[in-house]
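Enquirer: Show me how the following folds:
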Amino acid sequence: MRTIKQIVALSAICSLLVMSSCEKEKEDKVVTKTGLVLSGAQEVPVKTTAAYGTADVSYNKKTRVLTYTVNWNALTGNPTGAHIHGTAPKGVNAPIKHDFFSLIPKTPAGTFTNAVMVDGVALKEDSLLMGFYYFNIHTQTNPGGEIRGQIEF
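Expert: Numbering: from 1, shown residues only. All right, here's what the predicted structure looks like:
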């Protein structure tokens, strides 16, 4: 027969296991990557430019929301377009899937944060997690894109 102390101890251990399991499940639902590089070298065809940038991304698998911050510097002029393109691996161009140009600062250097729903139509979770989307910032000098960076987790 178990004593009250044993039952309380067993209950406490079970509670801790359940709580740590829930925490692990929450952690597994969000994937993040910081410092993704945006450069002319990733453009197709490659662009020779002093421009550069970075992106930080976070994807919540439960809410299906991709949150991103894009930073850019030293563009040859003000941006004339800014988008997420897909689906394509590195070295391959693809159509626009999410346009955020109207929301960004129209300056040669800037930062922008936003979020977009991974709806299964324009943006698909499996393609996102496999790295088949990319950021692209366009300028008048480089209308096809001046800097590009693949979204990879």
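Enquirer: end-to-end on stretch 42-56?
Expert: Start-to-end span of stretch 42-56 (C-alpha to C-alpha, to the nearest Å) is 17 Å.
Enquirer: roughly how far is that stretch from the heart of the chain?
Expert: Relative to the centre of its chain, stretch 42-56 is centred 17 Å away, using C-alpha atoms, centre = their mean, to the nearest Å.
Enquirer: For it, buried residues please.
Expert: Along stretch 42-56, these residues count as buried under the neighbour rule (16 or more other C-beta atoms under 10 Å): 42-44, 47, 49, 51-55. Where C-beta positions appear, they are placed from N, C-alpha and C, glycine not excepted.
Enquirer: what separates the residue nearest the centre of the chain from Asn71, distance-wise?
Expert: Central residue of the chain (C-alpha atoms, centre = their mean): Val57, 3.1 Å from the mean position. To Asn71, Val57 is 12 Å away according to C-beta to C-beta, to the nearest Å.
Enquirer: What segments of the chain are strands?
Expert: For the chain, the strands defined by DSSP state E cover 30-39, 52-60, 65-73, 79-86, 96-99, 110-117, 133-139, 147-151.
Enquirer: Need these in a markdown table (columns: distance to Leu123).
Expert: A markdown table is the format used below for the strands of the chain (distance: least, C-beta to C-beta, whole Å):
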| stretch | distance to Leu123 |
| --- | --- |
| strand 30-39 | 14 |
| strand 52-60 | 10 |
| strand 65-73 | 7 |
| strand 79-86 | 7 |
| strand 96-99 | 6 |
| strand 110-117 | 7 |
| strand 133-139 | 7 |
| strand 147-151 | 10 |
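Enquirer: can you put the ones you listed in TSV and add mean pLDDT and distance to Ser127?
Expert: Shown next, in TSV, are the strands of the chain (pLDDT from 0 to 100; distance: least, C-beta to C-beta, whole Å):
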stretch	mean pLDDT	distance to Ser127
strand 30-39	98	14
strand 52-60	98	12
strand 65-73	98	12
strand 79-86	98	6
strand 96-99	98	9
strand 110-117	98	14
strand 133-139	98	7
strand 147-151	98	10
